[in-house]
Every structure is written in structure tokens, then in C-alpha cells.
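> no FASTA, just this:
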């Protein structure tokens, strides 16, 4: 057995380090006391949260359960089904609220980021070739350099 330990690739087994003996039992690493205290604290906190959640109403309890499942890696719930006309009304109201919010920001003097035009090019000349052999250039920069 001593020869097998001496020929081992594990340095701790060859030299018989006392530190390795204290931290390992049957190949498993022992955890220090700090880890066990932390684990106990987390389990106690989880138990308190469970107890607090027992007093939730139906809707809050369902939300809380979904948060627990999400933490474990589950997918979130699907969106609610809503009739089309109600959805359109809701979207319209949301747009109105957004416009009002922007107006309030403008009145209060908040710095507002200006939106760039969607079709803005980055200073490059746009060249288009037709099948008829006509070369069309961008109106901003009509010169063609080849």
C-alpha cells in the first residue's frame, strides 16, 4: 500500500500532507464551519419566506410561486389572452401616456435625447445600378468618384 501511495500522481498522497487529511474524508472534501453556518442561515431565511408567503392572497401567491420556479430555471408564464379590440385600446392608451410623459419631460426641462432619422446614412454615397445601364447617385452627394 505504501508503494502505491508513493507511486501516486497525487502529491498529497505521496507526502502525506496533514492539511489534506483534515480537509478530506474518503475522497470527499469537508466544508469549513463558515459554509455550514451560511447554509443554515439561508435555509432559515427560506423557511421564513415560506411562512410569510402562506399569508398571501391568491394572486400574490401565484406570482411568488412563479418567482420560485423561475429561480430554479423554469420558463416564465405566457402572456394573457386578450381580445383584439381591447388590446388595440390598451396600446393606444400606452402611446398617449408616452406622449404625455415626453411632453412633461420637455416642460420640466429634462435633457431629451434626439432620435436619429431611420433612413440616415453614415456619410456614404449610395450608388444604385439599373439594368438599363443608368447610374443613380444619392441626392446629397451627386458626384461619383471611382
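Noted; the coordinates are in hand. Please read these numbers as outputs of a predicted model, since none were measured by experiment.
> The protein: helices as residue ranges?
2-6, 11-15, 18-23, 33-53, 58-71, 84-108 (DSSP state H).
> Lowest mean pLDDT across these, which one is that?
Per-stretch mean pLDDT for the helices of the chain is lowest at helix 18-23 (a mean of 52).
> Any chance of CSV for the helices of the chain, columns mean neighbour count and distance to residue 77?
Quick note: C-beta positions are derived from backbone N, CA and C, even for glycine. CSV is the format used below for the helices of the chain (neighbours: other CB atoms under 10 Å; distance: least, CB to CB, whole Å):
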stretch, mean neighbour count, distance to residue 77
helix 2-6, 9, 57
helix 11-15, 12, 51
helix 18-23, 11, 45
helix 33-53, 10, 18
helix 58-71, 12, 6
helix 84-108, 10, 17
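> For these, give me a markdown table that also has distance to residue 114.
Conversion of the helices of the chain to a markdown table gives the following (distance: least, CB to CB, whole Å):
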| stretch | distance to residue 114 |
| --- | --- |
| helix 2-6 | 74 |
| helix 11-15 | 64 |
| helix 18-23 | 61 |
| helix 33-53 | 46 |
| helix 58-71 | 37 |
| helix 84-108 | 12 |
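> Out of these, flag the one nearest residue 117.
helix 84-108 (17.7 Å; CB to CB).
> thinking again about what came up before, of the helices of the chain, which is nearest residue 115?
helix 84-108 (10.9 Å).
> helices or strands next to that closest one in the packing?
Contact here means 3 or more CB pairs under 8 Å, 6 or more residues apart in numbering; DSSP states H and E; on that basis helix 84-108 packs against no helix or strand.
> returning to what we had before: tell me which of the helices of the chain lies nearest to residue 116.
helix 84-108 (16.5 Å).
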